[in-house]
Structure formats: structure tokens, C-alpha cells
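got a predicted structure here, sequence first:
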Amino acid sequence: MVQPLDHLKESPSQTAGPYVHIGCTPNFSGITGVYPQDLGHEMITGEVSGTPIRITGRVLDGTGTPLRDAMIEIWQPDAAGLFNSPAETRGRADPNFTSWGRAASDMVTGEFAFDTVKPGAVPYVDGRLQAPHVTLWIVARGINLGLHTRMYFPDEDAANAADPILTRIEHQNRVRTLIAETPGKGHYHFDIHLQGPTETVFFDI
Amino acid sequence: MTNGYVNRDRRWHPAALTPDYKTSVARGPRQAPLSFPTTLVEETGPVFGHEMLGRHDNDLIVNFATGDGMAIGPRIIVHGQLRDEFGRGVPNTLIEVWQANAGGRYRHKKESYLAPLDPNFGGCGRCMTDAQGFYEFRTIMPGPYPWPNTMNDWRPAHIHFSIFGQAFAQRLITQMYFEGDPLIWRCPIVDTIPTREGIESLVAPLDMARTVPMDARAYKFDITLRGRRQTLFENRMEGL
Ligand SMILES: [Fe+3]
């Protein structure tokens, strides 16, 4: 026998289920008067530096049907590449930018939306810069473990081509599943495909 | 000095495709996820202040009730410690919970179960862990409920938990079950967890020592998040 390793196991994930909005966006789900507003509703809380942008998107299942009961969270740095987090040690992020947003997909169209700023670049573990991107986390009924992915920008070709994560993807034809469309100035649209030939690259992170 | 977060053990968590839980068939990704070491992006995360909490946020018995009303059902306290895989308490982090009422009915537009709504029960609550990672909230025991999967599936009584931790890599949603509920072992959603040991780690025991006499029973639910490696040596390979 050897000494036991007394590490604990992570609590297993369980699906967020169809009623995740009761707990996470109660005002959106019609439960008012408990919290003054839903958490993550606003990412910009005052005068903010950088370029304001709007991100919209949908989460589509294997049949091409948009999910109308998903919850999406995003996490990103401010325009200077700094996170509003106690774990950020490189400097102080813009105090009027939260770095974190939460949205429910629309109960009819399935579309989600975030008003945020274009993120700055953040270094990879070896110091190379990662291309500007937004991290997304998707939970819903039928999703057993929250899905991490990233949205990259279509107007950052050079940075995307050098990005340490994007260049790591074995099937390079799937890189385009991580790049948003831009239907208008300052507007980025990102559809997330859970399955199929255009299945979005999800991250084991 | 840190070397990032311990990888998720994907054989311990439910797989993406679990056909007995039918909704996962069209919604679970089929391709292998891309693995890479956590970067600053995943090692940071939102943190909320205790001042954000309202006085009754952690009391589902009264936080939606009007006047002197209270939610109907067996009164319980749920408490425990949030810690990481190395046993370190995770301090000052937000826990959000939601649940059905005592009859097994959710307050939601899409809910169709015939059990009645409780006018004094909303079903959401939140609390924050203290400096050592301990948390506590008060609620009523949720009822089991039927759900459309096969024609006769019932969810065991459960409370949904959303937990932030200190980094986006730790973000987790899970469910707490109650000791002794026979429905735990008949539920296709519970059964997405591959091992009996994993399932049992989500079953909260009755904790008579924390019961409030003549008022509320207590259940103890400890939660474990991914651990952050801490070594004196940082030796990441070139290109990793
Ligand atoms: Fe539920």
C-alpha cells in the first residue's frame, strides 16, 4: 500500500434544466420583487473606455432548432485586456466595466444579446498574445455539463491567424465555427451549433 | 506561483450524450472538446460583494411572500462548505439556488404540472460563502415532480445550485438530492452521472446537529470545485 491521496473529486455537474431562469434571471422569468435586477444584465455601468459593441447569437441543436431555454454567460477583458476580477494581477480593469454578462435566450426567437466593449488581447501561458475574444459558457436543459467556447472577431485576421488556441485546432476547417459574423458596424453575431457538420468547437476547460 | 487549474475529470462528470435522458440526444455535442491549459482568461472570474445581497435573499420561505406570509412545506436549512479539490475552503463566492415548491411545482410559464402554485413561494434564493467557504440558506423541502421523458419519469426532490468560485474555470451548475429518497435511483438525469460514488456525492444527509428545534430540520451539502495547482516550480513547456 501507499499513502492515500486525500484529494477530493469535483462535484459532478447536472443539467441546469428548463427552469434555470428561476434561479439565475428571476426577473426575466417573471419572478419579480425578490432581487432588484437580474445579475449580469449590464456589463457597462458608466463611462467606459474602448469601442462599444453588441453581440447577438443563438444556440442551435442538432436539428437546427434554436434553444429557447438556454442561459449564456460571457467573460472577457476590458478594452485594455484587463479582467475585472480579484484574480487579475496585471493591473486594474476599467471600473465601469464588469467583464461578465449573463443573458437568457429569447423565449420565442432563441436570440441572446450582450452590450459590451471590444475586448483587448490577453497573453497565453507562454506570453504570446491571444487574439481578442469573448469566452462563452452555455447551460440549458439537455446539456449535462456547461459548455465553454470562445467567440473571435472577423476583423482580426492577423491576430486570429497567430492565436495559440486557434492554431492548436486539429481540424482547421472548424476554426470558422469560432468566428463571429458582422452584420453591421459594431454588431457581431455568433451562432453556436451544438451538433452537426458545423458543430462549434467546445473547450475542455 | 500557480500552474493553472486541475483538469476536469470528464469520466467523473456526465457525458454529453446520455440517451436515457432524451433531451441530451439533440443537444449534447458529439465532437471531442479541445483541451489546453487554463490561461488568465479561465483563471479569473467575476466576484460579487456581500453588500449585493438583500436581507432575505437566503430565505426562500419569506423572500417572495407577501405581508407576514410564509411558504408552505417542511422547513429546512441547507448548509455546507464550498471547497476545492485540495480541501481549501472557497471564500466569498456567490451561490444561487432554485427549486420547485412543496408540491413539486415550479413558478414558470412553461411549467404544466397540475400541482398548485404557492402564492408565497417564488423558488429562487442566493447566498455567499464566508471566509472559510461555509454557506447556509433556509427554504422548504421541494416536492418530487413528473417530467416528460418516458411516460413515467419522476425527479427526486432536489435543489439546483449555480456556483461561481474564484475563476471562470470553476463555474459549475449541479443539483442537490436528499438522503433516503428512493427516486434518486430511478431518475435518468441523476443516472447521467457515471458512478454510484459520484451520485452519492450529491446526496445531502439529514444533519440533526444543525437542526433548529421546533422550527427547521437541516441538510448538509458540501460542494467541491476544481482546484488550483500551487507549486513552487513553474515549468510549462514551450508552446503549451
Ligand atoms: Fe428541477
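Structure received. Numbers count the residues shown, from 1 in each chain, chains lettered A, B, ... in the order given.

in stretch B:55-66, what counts as buried?
Within stretch B:55-66, the residues scored as buried using 16 or more other C-beta atoms under 10 Å in any protein chain shown are B:57-65. In short, each C-beta sits where N, CA and C put it, glycine included.

backbone dihedrals for the residue nearest the centre of chain A, both of them.
Compute the mean C-alpha point of chain A, and by C-alpha atoms, centre = their mean the closest residue is A:Leu136, 1.5 Å away. Phi and psi for A:Leu136, reported as degrees, to the nearest 10, are phi -120, psi 150.

quick one: it and A:Arg150 touch, right?
Yes - taking contacts as C-beta atoms under 8 Å, A:Leu136 lies within contact range of A:Arg150: 6.9 Å.

thinking again about what came up before, now, which of the buried residues of stretch B:55-66 sits nearest A:Glu88?
Within the buried residues of stretch B:55-66, the smallest distance to A:Glu88 is 26.7 Å, found for B:Asp57 (C-beta to C-beta).

picking that back up, contacts only, for the residue nearest to the centre of chain A.
For A:Leu136, the set of contacting residues under the criterion of C-beta atoms under 8 Å, 6 or more residues apart in numbering or on different chains consists of A:72-74, A:148-151, A:190, A:192.

list the contacts for the closest residue to B:Thr139 other than its chain neighbours?
What sits nearest to B:Thr139 in space, not counting adjacent residues and going by C-beta to C-beta, 6 or more residues apart in numbering or on different chains, is B:Leu60, at 3.9 Å. For B:Leu60, the contact set (C-beta under 8 Å, 6+ apart) comprises B:71, B:97, B:99, B:121-125, B:137-140.

as CSV, the residues you listed with distance to B:Arg228, pLDDT and neighbour count would be great.
Listed next are the contacts of B:Leu60 as CSV, based on distance: C-beta to C-beta, whole Å; pLDDT from 0 to 100; neighbours: other C-beta atoms under 10 Å in any protein chain shown:
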residue, distance to B:Arg228, pLDDT, neighbour count
B:Ala71, 38, 98, 23
B:Val97, 25, 98, 24
B:Gln99, 30, 98, 28
B:Phe121, 38, 98, 28
B:Gly122, 35, 98, 25
B:Gly123, 33, 98, 31
B:Cys124, 29, 98, 27
B:Gly125, 28, 98, 27
B:Phe137, 26, 98, 20
B:Arg138, 31, 98, 23
B:Thr139, 31, 98, 26
B:Ile140, 36, 98, 23
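
among those residues, which lie within strands?
Judged by DSSP state E, strands contain the following of the contacts of B:Leu60: B:97, B:124-125, B:137-140.

neighbours of residue 85, how many?
I went with chain A, as the question did not name one. Other residues near A:Ser85 number 22, with proximity taken as other C-beta atoms under 10 Å in any protein chain shown.

try again with chain B
By other C-beta under 10 Å, 18 other residues sit near B:Glu85.

rewinding a little: filter the contacts of A:Leu136 down to the buried ones.
Among the contacts of A:Leu136, the ones that count as buried by 16+ other C-beta under 10 Å are A:72-74, A:148-151, A:190, A:192.

ok so, going back, nearest to A:Pro123, of the contacts of A:Leu136?
Of all the contacts of A:Leu136, A:Pro123 sits closest to A:Arg150, with 15.3 Å by C-beta to C-beta.
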